[in-house]
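**Student:** heads up, no residue letters with this:
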Ligand SMILES: Cc1cc2nc3c(=O)[nH]c(=O)nc-3n(C[C@H](O)[C@H](O)[C@H](O)COP(=O)(O)OP(=O)(O)OC[C@H]3O[C@@H](n4cnc5c(N)ncnc54)[C@H](O)[C@@H]3O)c2cc1C
């Protein structure tokens, strides 16, 4: 009998774990709340150890080929003029824009397509209760079924309901005072291949990023204390962004008009997920559900693929799930701690309140863009993530089907 594993959440972390566990011969079921595979989402990057994981899956080159084609980052002033420019190629393939920039939906699909060949996916369902027993966990689903699993991996993202049920009161979130709406808008002839970032007063910013789908990816962010906006309806969230950005200048009128028609809208009030433990009995957390570091850290997708891989590898190494979860946590904690260590000052500096603040930010960025100092800036802005020691785990295997390991 192979070990039965349930994964909830079919995005970056869940699909990576499913890929590897399926590869190792586990009997894997993935349950996703959405009625079908979730496309959508904006530009995310994969760096360092995360790229190594993709390499071991034989997916690194495809991920690069699917890249958004973003060539760098430029800050724009109120007249639409470039203030400071960081070209990725000139920064050794790093910087605010990484060499591997990919749309979240493309990355999730890249992982999902091979994963679903070796795992059973069920959409439109979710966990209702979990009862941890001696031999297995009994899981009841919203669809009414009850099934038994050796382990349950929760990869449901930052707002995970199963985490709140199994680790009630244990998450001590760190709010980052930043609210962001991401969505796709029609491309215009003068949208170039740069990530264009515009600051307006009152902590607002607008950014526009290229993709290869013939559209443009827009982001509106506001620096302010959280007020539960993540739980509003999409209509209310959009109305709120309309009101806040009406007088923001630059491309605001175009972006707001296009927001009304988009069906790809993702909104979040940034908060880190912080728990003292990531497992409870047979249930274990991974990805944003365990440790969301927020997009400010620029490391969320890297952590998600690394976490999915390390967790699957530890489950393969040990038939005792408590031992596997403990090793997984030991391996991932230092990387997560570092990823979450964003100074609270960062969103403040990047989203000034006043004209003077914006002026000072632009001055600093102008200096940082000088060839003599920009490599230092790059290290501060996008330092290479130091990950767990992967030498103890399997190196790729590609897509050759199950090796039959991990059975007992
Ligand atoms: C549609 C979408 C768009 C996104 N867009 C951006 C973006 O533009 N920029 C950015 O920086 N980050 C974005 N993110 C977040 C980003 O994907 C994550 O920060 C990161 O990649 C870590 O991924 P994850 O797999 O841990 O979590 P996520 O990518 O958040 O995935 C969690 C998955 O779990 C599913 N799920 C949630 N609750 C349940 C439940 N109770 N039962 C079963 N399934 C459940 C969700 O539908 C989702 O598929 C987006 C996420 C999603 C789902």
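**Tutor:** It's in. None of the values given here were measured: they were computed from a predicted structure.

**Student:** so where is the stretch 1-150 of the chain shaky, pLDDT-wise?
**Tutor:** Scanning the stretch 1-150 of the chain for pLDDT under 70 picks out 1, 91-95.

**Student:** which bits of it sit near the ligand?
**Tutor:** Within the stretch 1-150 of the chain, the positions adjacent to the ligand are 8-14, 31-34, 38, 40-42, 44, 104, 126 by Cβ under 6 Å from any ligand atom. C-betas here are computed from N, CA, C, even on glycine.

**Student:** distance of residue 113 relative to residue 12?
**Tutor:** To residue 12, residue 113 is 14 Å away according to Cβ to Cβ, to the nearest Å.

**Student:** look at these two and report which has more neighbours.
**Tutor:** Remark: of residue 113 and residue 12, residue 12 carries more neighbours, 30 against 14, as counted by other Cβ atoms under 10 Å.

**Student:** contacting residues for residue 84?
**Tutor:** Taking Cβ atoms under 8 Å, 6 or more residues apart in numbering, we find residue 84 in contact with 74, 75, 362, 365, 366, 368, 369.

**Student:** go again using 7 Å as the cut-off
**Tutor:** The contact partners of residue 84, by Cβ atoms under 7 Å, 6 or more residues apart in numbering, come to 75, 362, 365, 366, 368, 369.

**Student:** quick check: phi and psi on the residue nearest to the last one when sequence neighbours are not counted?
**Tutor:** This means residue 369. Once flanking residues are discounted, residue 369 sits nearest to residue 84: 4.1 Å by Cβ to Cβ, 6 or more residues apart in numbering. Note on residue 84: backbone dihedrals following degrees, to the nearest 10 are phi -150, psi 140.

**Student:** what does residue 318 give?
**Tutor:** Here is the backbone geometry of residue 318 (degrees, to the nearest 10): phi -130, psi 130.

**Student:** please name the nearest non-neighbouring residue to whatever residue of the stretch 201-350 of the chain ends up closest to the ligand.
**Tutor:** Nearest residue of the stretch 201-350 of the chain to the ligand: residue 287, at 2.3 Å (Cβ to the nearest ligand atom). Of all residues not flanking residue 287 in the chain, residue 13 sits nearest, at 2.7 Å (Cβ to Cβ, 6+ apart).

**Student:** quick check: the one you found touching residue 304?
**Tutor:** Yes. The criterion here is Cβ atoms under 7 Å, and residue 13 meets it with residue 304 at 3.9 Å.

**Student:** residue 72 bridge partners, please.
**Tutor:** residue 87, residue 194 (DSSP bridges).

**Student:** show the contacting residues for residue 140.
**Tutor:** Per Cβ under 7 Å, 6+ apart, neighbours of residue 140: 128, 129, 146.

**Student:** can we see that at 10 Å?
**Tutor:** 127, 128, 129, 130, 131, 146, 147 (Cβ atoms under 10 Å, 6 or more residues apart in numbering).

**Student:** make JSON lines out of those residues and add secondary structure and neighbour count.
**Tutor:** Listed next are the contacts of residue 140 as JSON lines, based on DSSP: H, G, I helix; E, B strand; the rest coil; neighbours: other Cβ atoms under 10 Å:
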{"residue": "127", "secondary structure": "strand", "neighbour count": "21"}
{"residue": "128", "secondary structure": "strand", "neighbour count": "16"}
{"residue": "129", "secondary structure": "strand", "neighbour count": "11"}
{"residue": "130", "secondary structure": "strand", "neighbour count": "20"}
{"residue": "131", "secondary structure": "strand", "neighbour count": "13"}
{"residue": "146", "secondary structure": "strand", "neighbour count": "11"}
{"residue": "147", "secondary structure": "strand", "neighbour count": "14"}
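
**Student:** which elements pack onto the lengthiest helix in the chain?
**Tutor:** If you go by DSSP state H, the chain has its longest helix at helix 321-340. Packing partners of helix 321-340 (3 or more Cβ pairs under 10 Å, 6 or more residues apart in numbering; DSSP states H and E): strand 151-154, strand 265-272, strand 279-280, strand 283-285, helix 288-291, helix 300-317.

**Student:** do it and the ligand meet?
**Tutor:** No. Applying Cβ under 6 Å from any ligand atom, one finds helix 321-340 separated from the ligand by no less than 11.3 Å.

**Student:** got the angle for that helix vs helix 300-317?
**Tutor:** Angle between the axes of helix 321-340 and helix 300-317 is 160 degrees (criterion: axes from the mean of the first three to the mean of the last three Cα atoms, to 10 degrees).

**Student:** could you pull up the mean pLDDT of helix 321-340?
**Tutor:** Computed over helix 321-340, the mean pLDDT rounds to 96.

**Student:** between strand 265-272 and it, find me the angle.
**Tutor:** Going by the same axes, to 10 degrees, helix 321-340 makes 100 degrees with strand 265-272.

**Student:** which other helices and strands does the next helix or strand after helix 321-340 contact?
**Tutor:** Of the helices and strands lying after helix 321-340 in sequence (DSSP states H and E), the nearest is helix 345-350. Here helix 345-350 touches strand 174-186, strand 215-223, helix 355-368, helix 374-381, going by 3+ Cβ pairs under 10 Å, 6+ apart.

**Student:** what residues of helix 345-350 count as buried?
**Tutor:** In terms of neighbour count (16 or more other Cβ atoms under 10 Å), helix 345-350 has its buried residues at 347, 350.

**Student:** could you do stretch 190-209 as well?
**Tutor:** Buried residues in stretch 190-209 (16+ other Cβ under 10 Å): 191, 194-201, 203-209.

**Student:** equivalent analysis for stretch 37-45, please.
**Tutor:** In stretch 37-45, counting by 16+ other Cβ under 10 Å, buried: 37, 38, 40, 41, 42, 43, 44, 45.
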